[in-house]
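[1] got a structure for you, letters missing:
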C-alpha cells in the first residue's frame with residue numbers, strides 16, 4: 001500500500017514515521033524547507049499521546065524525546081491568578097502525572113528524523129482529487145501530481161484536503177486572537193520569579209483579557225535523566241506564555257507588529273484593562289524575536305459534525321479535522337493519537353481482513369470522538385474568556401476575583 005501524507009506537522013510526521021517503521025511505502029510532503037521553521041512554543045503530551053507515539057517510533061526516539069522534555073510531575077501545582085497577580089486557586093497535584101512538555105521544534109525534528117528520506121520538503125500542495133483510474137492524486141504547484149492508494153491530509157487548520165472532502169471550511173474563528181512569546185526565568189526580578197514559580201498558570205481579567213504562563217525546563221526537570229540524549233532547543237527554565245484578546249479591529253491590527261513593537265503594544269493593551277505592572281514583567285522581558293500572533297480557530301464540538309464526509313481513500317487527521325484552540329494543550333497529542341489509530345486500522349487491511357474503505361470508516365469514527373473530547377475542553381476556556389468581555393461578565397469578574405483572592409489567602 002502506498003500512502004501519501006499531505007503536511008509535515010506533528011500529526012503528519014508521526015503518521016509518516018509509523019508507516020515507514022511498519023514497512024509501508026510512504027511519502028510526506030510539506031511546504032517548509034526546514035523542519036525547525038515552526039513555532040517556538042511548547043506542547044504537552046499526556047500519557048495517552050506518549051503511548052500512541054511509542055506505537056509509531058523506535059524506542060531510541062522516545063528516549064531522546066523524554067531526555068529533551070520537561071516532566072509535569074516535577075512542576076509545582078498550576079496556579080490561577082487575577083489581573084493584579086493575586087492567587088485565586090491552584091490546580092491538582094501533579095506528582096503522579098506522567099505527562100511531559102516538549103518544545104514543538106524538538107519534537108518535529110525527532111519525528112522528521114524518524115520519517116527520514118520519505119519526508120519531501122519544499123513541496124507545496126495545490127489540491128487533491130482522483131485520477132482516471134479512481135486512485136487518489138495529490139497536485140503540486142511546482143511538480144507533477146502523484147498517485148497513491150490512500151491520501152491523508154495532515155495539513156492543519158486551513159487544510160486543503162479537509163476542505164476538498166467537506167466541500168468548504170472544516171472550522172471557523174473561535175473569537176480570540178492569541179499572542180505568544182518566551183521569557184527566561186533568570187531575566188525576571190526575584191519577586192516575579194517567586195510569584196510565578198516552577199509552574200504553569202492562567203490569569204483572566206475583565207474585558208476579555210487572559211494570560212497563560214507555561215513553565216518549561218527540559219534540563220532541571222528532565223523527564224529522563226540522560227543528558228547525552230538531550231536535544232531540546234530550550235536549555236534552561238523558561239516561561240512560554242500566551243496572551244489572549246477577543247477578536248476586534250484593534251486586536252487584529254496588532255498582528256501586523258513584530259518584535260519589540262508587538263511586545264510594547266501587548267503590555268499597553270493589558271495596562272488599559274487594569275492589569276498590574278508586575279504581571280506584565282514576563283511580557284516586557286520576553287525575547288523580542290520570539291513573539292508571534294495567531295488566530296484561534298475551532299471545529300464543532302459535536303462529534304457528528306467532524307469529518308462530515310463518506311469514508312473513502314482520502315481522509316484527514318489532527319487539526320485538519322478537529323482544529324482545536326491551544327487552551328486545552330491537547331491538540332498535538334490528539335493528532336499523534338489519530339496517527340496511531342489510523343496505522344492500527346491500516347494493519348487490518350494489510351492482514352487481509354478489512355477493506356480499505358471500512359478501515360478508514362472505523363478510523364474516522366474514533367477520530368470524531370477524540371476530536372469532540374478535546375474541543376469541548378478547549379472551548380470551555382475560550383467561552384470563559386469571551387464571557388468576561390460582556391458588561392455583566394466584566395462586572396462579575398471585577399467583583400468576584402478579590403473575594404476569591406481573599407479566600408485563597410485564608411486557605412494558605
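    That came through fine. Here the structure is a predicted model, which is why all the values come from computation and not from measurement.

[2] can you list the residues that contact stretch 18-31?
    Contacts of stretch 18-31 with the rest of the structure, by C-beta atoms under 8 Å, 6 or more residues apart in numbering, involve 1-9, 12-13, 15-16, 55-58, 114-116, 118-125, 138, 140, 146, 148, 339-340, 343, 346-347. C-beta coordinates here come from the backbone N, C-alpha and C atoms, glycine included.

[3] switch the cut-off to 6 Å
    Where contact means C-beta atoms under 6 Å, 6 or more residues apart in numbering, the residues beyond stretch 18-31 that reach it are 1-6, 8, 12, 16, 56, 115, 118-121, 123-124, 343.

[4] hmm, which of these are the buried ones?
    If you count burial by 16 or more other C-beta atoms under 10 Å, the buried members of those come out as 2-6, 8, 12, 16, 56, 115, 118-120, 123, 343.

[5] Out of these, flag the one nearest to residue 93.
    residue 56 (30.3 Å; C-beta to C-beta).

[6] Quick check: chain neighbours aside, which residue is closest to the closest one?
    residue 18 (3.5 Å; C-beta to C-beta, 6 or more residues apart in numbering).

[7] So residue 178, which state does it fall into?
    State at residue 178, reduced to three classes by DSSP: H, G, I helix; E, B strand; the rest coil: strand.

[8] Could you verify my assumption that it touches residue 295?
    No - if you go by C-beta atoms under 6 Å, residue 178 and residue 295 don't touch, sitting 7.5 Å apart.

[9] Which residue of these two possesses the greater neighbour count?
    The neighbour count for residue 178 versus residue 295, taken as other C-beta atoms under 10 Å, is higher for residue 178 (20 against 16).

[10] show me what contacts the more buried one?
    Contacts of residue 178 (C-beta under 6 Å, 6+ apart): 242, 244, 294, 296.

[11] Next, the buried residues of stretch 177-193.
    By 16+ other C-beta under 10 Å, the buried positions in stretch 177-193 come out as 177, 178, 179, 180, 181, 182, 183, 185, 187, 188, 192, 193.

[12] How about the fourth one, nearest residue that isn't a chain neighbour?
    Spelled out, it's residue 180. Nearest residue to residue 180 in three dimensions, chain neighbours excluded: residue 242, at 4.8 Å (C-beta to C-beta, 6+ apart).

[13] so how far is residue 210 from that neighbour?
    To residue 210, residue 242 is 9 Å away according to C-beta to C-beta, to the nearest Å.

[14] one step back: next, format the contacts of residue 178 as CSV and append neighbour count and distance to residue 362.
    Listed next are those as CSV, based on neighbours: other C-beta atoms under 10 Å; distance: C-beta to C-beta, whole Å:
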residue, neighbour count, distance to residue 362
242, 19, 36
244, 26, 37
294, 16, 33
296, 23, 31
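
[15] what's the lowest-pLDDT member of the residues you listed?
    The lowest pLDDT within these belongs to residue 294, with 93.

[16] Next up, phi/psi of that residue, please.
    phi -160, psi 150 (degrees, to the nearest 10).

[17] What's opposite the closest residue to it other than its chain neighbours in the beta bridge?
    Of all residues not flanking residue 294 in the chain, residue 178 sits nearest, at 5.3 Å (C-beta to C-beta, 6+ apart). Beta bridges link residue 178 to residue 244, residue 294, judged by DSSP bridges.

[18] what about residue 207, distance to residue 250?
    According to C-beta to C-beta, residue 207 and residue 250 sit 12 Å apart.

[19] who's more crowded, the two?
    Set residue 207 next to residue 250 and count neighbours by other C-beta under 10 Å: residue 207 wins out with 18 against 11.

[20] Which strand or helix spans the more buried one?
    If you go by DSSP states H and E, residue 207 is not part of any helix or strand.

[21] Quick check: what element follows whichever strand or helix holds residue 339 along the chain?
    Taking DSSP H and E as the definition, residue 339 sits inside helix 331-350. Proceeding N to C from helix 331-350, the next assigned helix or strand is helix 356-387, under DSSP H and E.

[22] Can you check the pLDDT for the nearest residue to residue 269 once chain neighbours are set aside?
    Distances taken as C-beta to C-beta, 6+ apart place residue 245 nearest to residue 269, at 6.6 Å, with adjacent residues excluded. With respect to pLDDT, residue 245 scores 98.

[23] try residue 412
    67.

[24] beta partners of residue 100?
    Applying DSSP bridges to residue 100, the residues it is bridged with are residue 45, residue 71.

[25] got the contact list for it?
    45, 69, 71, 223.

[26] Confirm for me that the second one is in contact with residue 102.
    The one in question is residue 69. Yes - with contact defined as C-beta under 6 Å, residue 69 reaches residue 102; the gap is 4.2 Å.

[27] So these two - more neighbours on which side?
    residue 69 (28 against 25).

[28] what residues are up against that one?
    Shown in contact with residue 69 (C-beta under 6 Å, 6+ apart): 100, 102, 218, 223.

[29] ditto for residue 104
    Here residue 104 is in contact with 38, 39, 43 (C-beta under 6 Å, 6+ apart).

[30] can we see that at 8 Å?
    10, 38, 39, 40, 41, 42, 43, 332.

[31] Ok, residue 102 next?
    Residues in contact with residue 102 (C-beta under 8 Å, 6+ apart) are 42, 43, 45, 65, 68, 69, 70, 218, 232.

[32] 10 Å instead?
    42-45, 65-66, 68-70, 108, 110, 216, 218, 223, 232-234, 332 (C-beta atoms under 10 Å, 6 or more residues apart in numbering).

[33] The contacts of residue 69 in strands, which ones?
    Among the contacts of residue 69, DSSP state E puts 100, 102 in strands.

[34] Please tabulate the contacts of residue 69 in a markdown table, including the columns pLDDT and distance to residue 373.
    Listed next are the contacts of residue 69 as a markdown table, based on pLDDT from 0 to 100; distance: C-beta to C-beta, whole Å:
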| residue | pLDDT | distance to residue 373 |
| --- | --- | --- |
| 100 | 98 | 20 |
| 102 | 97 | 22 |
| 218 | 97 | 28 |
| 223 | 98 | 24 |
